[in-house]
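Trainee: Below: sequence and its predicted model.
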Amino acid sequence: MNLRNAAFAAMGLVCLAIVSYAQVATLEGDVKGTDGKPVAGAVIYFHRTDIKWDSKTKTDKKGHYIHAGVPLGMYDISCEVDGKIVDKVSGVKTTLGEHPPVDFDMRKSSDAAASARNAEIQKAFETGQMSDDLKRQMTPEQKAAMEKQISQNAEKFKKNKELNDSFNAGFEALQNKKYDDAVTNLEKAATLDQTQSAVYANLGDAYMGLAGTKTGPEFDATAQKGIDAYAKAIELKPDDASVHNNYALALAKVKKFPEMQAELKKAADLDPTTAYVKYFNLGALMTNNGQPEAAAAAFKMAIDSAPDNPKNCEAYYQYGLSLAAQASVSSDGKITAPPGTIDAFQKYLQLVPDGKNAQSAKDMIAQLGGTIDTNYKNPAAQKKKK
């Protein structure tokens, strides 16, 4: 080989060395223990995944490690403490120049491991089976205890599913007025769990719906089951206004009026915003049972609960009718109604001048010798205009 060729060969070797040198990176990072302090002597493993290449280094007394001359490629980097792999970072791609640190914080990895283990345990509870990984993490004693708990939880989950399925089927049947099916499914739900107020509340509705299809002793027996179901629902959840209301309506159907009034009063006290609805229902029931004085008292309570609410307009109309039903007729044919009768019809017309009972209210006012107020201005409309 002449000198010229030797020179070119030497230059090629230098270039190759430079290129080879340029294709490596430096990886470093810190290792912290579960107490947040640096971990000295931790072993850091570098496993290249795209081609075969493995290496390792250790952390110094400050918990810091550094490894120069790492070929460019893809790596899995693991951290070993006291002979056990405590954390791993996968898919690290080395790059030329300054590389982001690859740190290991055993506090985070411990939390992540605990979270993953908890998720695995929860899955075991739900499926009734432990994974092989979970089994390997446990001592024989822990495994036996876990298997026992899984067995107990599996039975619990099964009951909960049966409870939900029965309740949903009963509720759907109730909405479709299939009262026999509703009673059957809700009774099953009540048997599975006797602490669910919603089950008994809907069971009460189902029994009262079924009672409506029966007469005589069958009606009495079925309605009583509904009343018992409502009572149980209230025992479990005394502050449920809607259950008190439905309980009251059921009591009215079996003509237990004093008890009914007490339940409606509770419902109104628990939910003052809809108290007028509860009292209106009471008035309607009293009207249907031929008790105009009791009906008038109930409608007056509805009025006092929401005196200017247009949604409560029917209370004024029904109050007027209840009072009118107590009117007396003199020998000369003059009708004398209790005080407030004409005012009730007038107020109805003020709230809803074009209401469905407007003409009837006007006729009642005329028959009682009153005058219809035609100068009324809706305060809500006036306020909106301003």
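Mentor: That came through fine.

Trainee: So what touches stretch 79-90?
Mentor: Stretch 79-90 is contacted by residues 31, 33, 39, 42-45, 76-78, 102, 104-106, 109 when judged by CB atoms under 8 Å, 6 or more residues apart in numbering. (C-beta placed from N, C-alpha, C; glycine too.)

Trainee: Now with 7 Å, please.
Mentor: Around stretch 79-90, the neighbours that count as contacts under CB atoms under 7 Å, 6 or more residues apart in numbering are 31, 39, 42-45, 76-78, 102, 104, 106, 109.

Trainee: Then stretch 256-273?
Mentor: 239, 241, 244-245, 247-248, 251-252, 275, 278-279, 281-282.

Trainee: Export those to a markdown table and append columns for distance to Gly333 and pLDDT.
Mentor: As requested, the contacts of stretch 256-273 are arranged in a markdown table below (distance: CB to CB, whole Å; pLDDT from 0 to 100):
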| residue | distance to Gly333 | pLDDT |
| --- | --- | --- |
| Asp239 | 53 | 92 |
| Ala241 | 47 | 89 |
| His244 | 46 | 92 |
| Asn245 | 43 | 89 |
| Tyr247 | 46 | 93 |
| Ala248 | 40 | 89 |
| Leu251 | 41 | 90 |
| Ala252 | 36 | 84 |
| Ala275 | 40 | 86 |
| Lys278 | 39 | 83 |
| Tyr279 | 34 | 86 |
| Asn281 | 36 | 83 |
| Leu282 | 34 | 82 |
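
Trainee: For those residues, work out which two are farthest apart.
Mentor: Pairwise distances across the contacts of stretch 256-273 (CB to CB) peak at 21.9 Å, for the pair Asp239 and Ala252.

Trainee: And these two? Which one has more around it.
Mentor: Neighbour totals were compared for Asp239 and Ala252, and Ala252 leads with 22 against 10 (other CB atoms under 10 Å).

Trainee: List the contacts of the more buried one.
Mentor: Neighbours of Ala252 in contact, by CB under 7 Å, 6+ apart: 260, 285.

Trainee: tell me the secondary structure for it?
Mentor: helix (DSSP: H, G, I helix; E, B strand; the rest coil).

Trainee: all numbers from here: first residue = 58
Mentor: Sure, I'll start numbering at 58, so the last one becomes Ala309.

Trainee: before we move on, back to that, so which of the contacts of stretch 136-147 are in strands?
Mentor: 88, 100-102, 133-135, 161 (DSSP state E).

Trainee: Among those, the buried ones, what's the ChimeraX command?
Mentor: In ChimeraX syntax, the buried subset of those is picked out as below (16 or more other CB atoms under 10 Å):
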select :88,100,101,102,134,135,161
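
Trainee: Met358 sits in which helix or strand?
Mentor: Assigned by DSSP states H and E, Met358 belongs to helix 349-362.

Trainee: export the helix or strand just after that helix as CSV, just CAs?
Mentor: Once helix 349-362 ends, the next helix or strand along the chain (criterion: DSSP H and E) is helix 370-381. Output in CSV follows, covering the C-alpha atoms of helix 370-381 (Å, rounded to 0.1, in the frame of the first residue of the first chain):
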residue,chain,number,x,y,z
CYS,A,370,-106.0,28.9,40.5
GLU,A,371,-108.2,25.7,40.6
ALA,A,372,-108.0,25.9,44.4
TYR,A,373,-110.0,29.1,44.3
TYR,A,374,-112.6,27.7,42.0
GLN,A,375,-113.0,24.5,44.0
TYR,A,376,-113.1,26.6,47.2
GLY,A,377,-115.9,28.6,45.8
LEU,A,378,-117.8,25.5,44.8
SER,A,379,-117.3,24.0,48.3
LEU,A,380,-118.7,27.1,49.9
ALA,A,381,-121.5,27.4,47.4
